[in-house]
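Engineer: Just a sequence and a predicted model for now, questions to come.
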There are 2 protein chains.
Amino acid sequence: MALRTLDSKNAAELDKELMSTGAFSIDQLMELAGLSVSQAVYKIQPPSKGKRVLIACGPGNNGGDGLVAGRHLWHYGYEPTMYYPKHTKNELYERLSQQLKDLDIPFTEDFTSAIDQTDLIVDSIFGFSFSGEVREPFPAVISALRDTTKPVLAVDAPSSWNIEDGPPDSGPGKGFMPDALISLTAPKPLVKWFKRRHFVGGRFLSKKMAEKYGLDMPPYEGIDQIVEVPVEGQGEKL
Amino acid sequence: MALRTLDSKNAAELDKELMSTGAFSIDQLMELAGLSVSQAVYKIQPPSKGKRVLIACGPGNNGGDGLVAGRHLWHYGYEPTMYYPKHTKNELYERLSQQLKDLDIPFTEDFTSAIDQTDLIVDSIFGFSFSGEVREPFPAVISALRDTTKPVLAVDAPSSWNIEDGPPDSGPGKGFMPDALISLTAPKPLVKWFKRRHFVGGRFLSKKMAEKYGLDMPPYEGIDQIVEVPVEGQGEKL
């Protein structure tokens, strides 16, 4: 049975509620989200199968999850490289970047070269709040993600996909189908069009919040922060 | 070979450095510390062997680690109960407590009854900054931890032990030898006298910081936030 989904409006409301009455800080939630992303990378490709991970980070919280994931991946023995072209001036993102620099993790400005020299790519460019046009410099990045033969893990949404309506009919994201997706907290409606490996992560949802937002408690096992769930996509639209 | 240790002065300095030049927030570090504690509980006793966990939290950061651990343990399927008699008025601890209340995790004021009705106890009363006398209401709690036949996991230090000199010669902690210890970031000198299962957790130490403080990078495996290390204690002093 498919897990119930969370649209972008409710995803924003749930986040807001977690950080107000839920009493979580964004540091905490982003740490747990990024940890989930790192565990999904490990499941897809342990470091023994390829250590080089290129992490493409967007300007918002999806990018922040990628920054956290990069640090954990380094600790697991990977060799992460960060692509973070729109470094938002925000105290949290500055700190997460500093933590990576203290591990001597390189930041690259040349995505095209970097994608040639990696074993796996994390797409943490846009998340559940994305809508509209893909702005510079990301169209070329999304084209490269679409065209690469290397495995791509998307965080919360394949970047450029519409959260409710799935893959775009035009633009660089047309035909972009990452090899894996990790949905944070709960899947978004776009999973209807997603045909590959699907993980859910972010093991902090309470039963009360799940009920309130009409969500399922994902069937996590043991101490795992992620769980692989059946693929729902029919892929009619691509 | 024994892991090198971190005395209380250097532990305080390292924490301070992590949160200044290291750019970590206390929310992040406490989340990762508490996550490590929860993983050690799982290693000692998975929920299939006993779900009830009593978590004794002190007034400081060691108690905060226990608050975080309680939340993760709930998500793993345990039934945690919190004992937190000296609830410090601190924004972070208030939030961590609220997160537990939102999961309907009970807080008890009666440690003696609670210890009878649990399967395992986490001692997160005092950590690396403890010295001197055990203040009320903790002497009776530490006596109960010493006398119980149920497994006890101590966080960073068996409470009442001196960080450098180990087990006390008198008072409620005389003869207190928990079944397991999780050292956070690095073992403290007291491990010389610790004779049972020993874990290290807190997978965020950089090589630079390890070098600066004369520490080893613990041999973590896979995505684990903890690792079990050989026991060093000769136990001469008990």
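Structural biologist: It's in. Numbers count the residues shown, from 1 in each chain, chains lettered A, B, ... in the order given.
Engineer: tell me the SS of A:Leu92?
Structural biologist: helix (DSSP: H, G, I helix; E, B strand; the rest coil).
Engineer: residue contacts, it?
Structural biologist: For A:Leu92, the contact set (C-beta atoms under 8 Å, 6 or more residues apart in numbering or on different chains) comprises A:26-27, A:30, A:64. In short, each C-beta sits where N, CA and C put it, glycine included.
Engineer: What pLDDT does the model give it?
Structural biologist: Here the pLDDT value assigned to A:Leu92 is 97.
Engineer: quick one: pLDDT of A:Leu14?
Structural biologist: On pLDDT, A:Leu14 comes in at 96.
Engineer: That one against A:Thr185, yeah?
Structural biologist: Yes. Using C-beta atoms under 8 Å, A:Leu14 makes contact with A:Thr185 at a distance of 6.7 Å.
Engineer: Report how many residues lie close to A:Ser129.
Structural biologist: Neighbours of A:Ser129 under the rule other C-beta atoms under 10 Å in any protein chain shown: 16.
Engineer: Then A:Gly202?
Structural biologist: A:Gly202 - counted by other C-beta under 10 Å - has 24 other residues nearby.
Engineer: now swap in A:Asp110 and tell me
Structural biologist: A:Asp110: 9 neighbours (other C-beta under 10 Å).
Engineer: try A:Arg4
Structural biologist: 12.
Engineer: In contact with A:Leu190, which residues?
Structural biologist: A:Leu190 makes contacts with A:157-158, A:161-167, as judged by C-beta under 8 Å, 6+ apart.
Engineer: One more: A:Tyr220?
Structural biologist: A:Tyr220 sits next to A:203, A:226-227, B:75 when contact means C-beta under 8 Å, 6+ apart.
Engineer: Now do the strands in chain A.
Structural biologist: Under the criterion DSSP state E, chain A contains strands at A:52-57, A:79-83, A:107-108, A:120-124, A:152-155, A:180-184, A:197-201, A:226-229.
Engineer: near chain B, anything from the second one?
Structural biologist: No. Judged by C-beta under 8 Å from any C-beta of the partner chain, strand A:79-83 makes no contact with chain B; its nearest approach is 13.8 Å.
Engineer: and the angle from that strand to strand A:120-124?
Structural biologist: Counting by axes from the mean of the first three to the mean of the last three C-alpha atoms, to 10 degrees, strand A:79-83 points 40 degrees away from the direction of strand A:120-124.
Engineer: List the contacts of strand A:79-83.
Structural biologist: A:51-57, A:66-67, A:70, A:73-74, A:97, A:100, A:105-109, A:111, A:114, A:117-118, A:141.
Engineer: what pairs with it, and is each one parallel or antiparallel?
Structural biologist: Applying DSSP bridges to the sheet, strand A:79-83 is found paired with strand A:52-57 (parallel), strand A:107-108 (parallel).
Engineer: so what's the residue sitting nearest the centre point of chain A up against?
Structural biologist: Nearest to the geometric centre of chain A sits A:Val155, at 1.4 Å (C-alpha atoms, centre = their mean). A:Val155 makes contact with A:37, A:62, A:65-66, A:69, A:122-124, A:127, A:182, A:184, according to C-beta under 8 Å, 6+ apart.
Engineer: Give me the buried entries from those.
Structural biologist: Burial by neighbour count, 16 or more other C-beta atoms under 10 Å in any protein chain shown: within the contacts of A:Val155 this picks out A:37, A:62, A:65-66, A:69, A:122-124, A:127, A:182, A:184.
Engineer: Let me have these in CSV, extended by distance to A:Asp216 and pLDDT.
Structural biologist: Listed next are the buried ones among the contacts of A:Val155 as CSV, based on distance: C-beta to C-beta, whole Å; pLDDT from 0 to 100:
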residue, distance to A:Asp216, pLDDT
A:Val37, 20, 98
A:Asn62, 22, 98
A:Asp65, 21, 98
A:Gly66, 26, 98
A:Ala69, 24, 98
A:Val122, 25, 98
A:Asp123, 25, 98
A:Ser124, 24, 98
A:Gly127, 20, 95
A:Ile182, 16, 98
A:Leu184, 14, 97
